[in-house]
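Undergrad: got a structure for you, letters missing:
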């Protein structure tokens with residue numbers, strides 16, 4: 001996995017390379033997306049990402065990352081009107097779910113016109129994009145506050161979020177286990193020894209009993225861990 005500094009350096013070079021592109025979607029879409037994935041250190045084949053994935057009779061998704069992301073590319077001239085293509089990619093999103101196989105729809109859909117990205121999360125926020133970012137801002141927005149410029153493409157915001165969540169749970173459990181002992185110590189210091197008295201842990205202070213924990217819900221880790 002690449003560090004944040006490595007990703008930013010790669011994205012600066014990437015933005016410089018593509019900033020003046022004015023050609024068509026078809027001519028360079030796959031080259032553009034391959035290079036973008038490389039900036040994040042994503043192995044396209046190892047993660048099962050496909051180009052031109054057919055969706056029954058709706059057409060072809062420009063990029064399909066199973067259960068995670070669908071990308072629809074448009075020409076740079078469409079950058080100011082990307083949202084007008086949302087219904088197209090939403091139809092792809094609905095078609096990406098397979099009820100029989102038990103495969104959920106992709107989490108994100110991305111409209112990209114080379115110089116601008118619109119990232120949508122239709123399962124949670126179907127009415128407006130979660131992120132709109134221009135190409136030159138990619139290095140600074142690569143993973144900002146969990147809503148990074150390419151969260152819908154490379155998913156880097158989930159990894160630190162899950163790590164913090166797990167550490168937070170461990171801290172909570174430790175505090176819950178030590179809280180009864182601390183209370184017993186304070187009582188002994190103020191009230192003196194009382195061998196016949198037993199302190200029962202109370203969970204009213206907001207520390208629930210420790211229970212087996214499952215891994216955080218969400219799409220698979222995107223970097224092939």
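TA: All right, it came through fine. Every value quoted in this text rests on a predicted model; they were computed, and no experiment measured them.
Undergrad: mind listing what the helix or strand where residue 70 lies pairs with, with the direction of each?
TA: Residue 70 belongs to strand 69-73 when assigned by DSSP states H and E. Using DSSP bridges, the strands paired with strand 69-73 in its sheet are strand 60-65 (antiparallel), strand 108-112 (parallel).
Undergrad: secondary structure element for residue 7?
TA: Per DSSP H and E: residue 7 is located in helix 4-18.
Undergrad: Show the average pLDDT along that helix.
TA: With pLDDT averaged residue by residue, helix 4-18 scores 95.
Undergrad: Against which helices or strands is the next helix or strand after that helix packed?
TA: Using DSSP H and E, the next helix or strand after helix 4-18 towards the C-terminus is helix 25-39. For helix 25-39, the packing partners by 3 or more Cβ pairs under 8 Å, 6 or more residues apart in numbering; DSSP states H and E come out as helix 4-18, strand 60-65, strand 69-73, helix 151-154. To be clear about C-beta, it is placed using only N, CA and C from the backbone, and glycine gets the same treatment.
Undergrad: Give me the residues contacting the longest one.
TA: Outside helix 4-18, the residues within contact range by Cβ atoms under 8 Å, 6 or more residues apart in numbering are 2, 32, 35-36, 38-41, 114-115, 135-136, 138-140, 142-143, 156.
Undergrad: Low-confidence ranges, this protein, go.
TA: 144-225 (pLDDT under 70).
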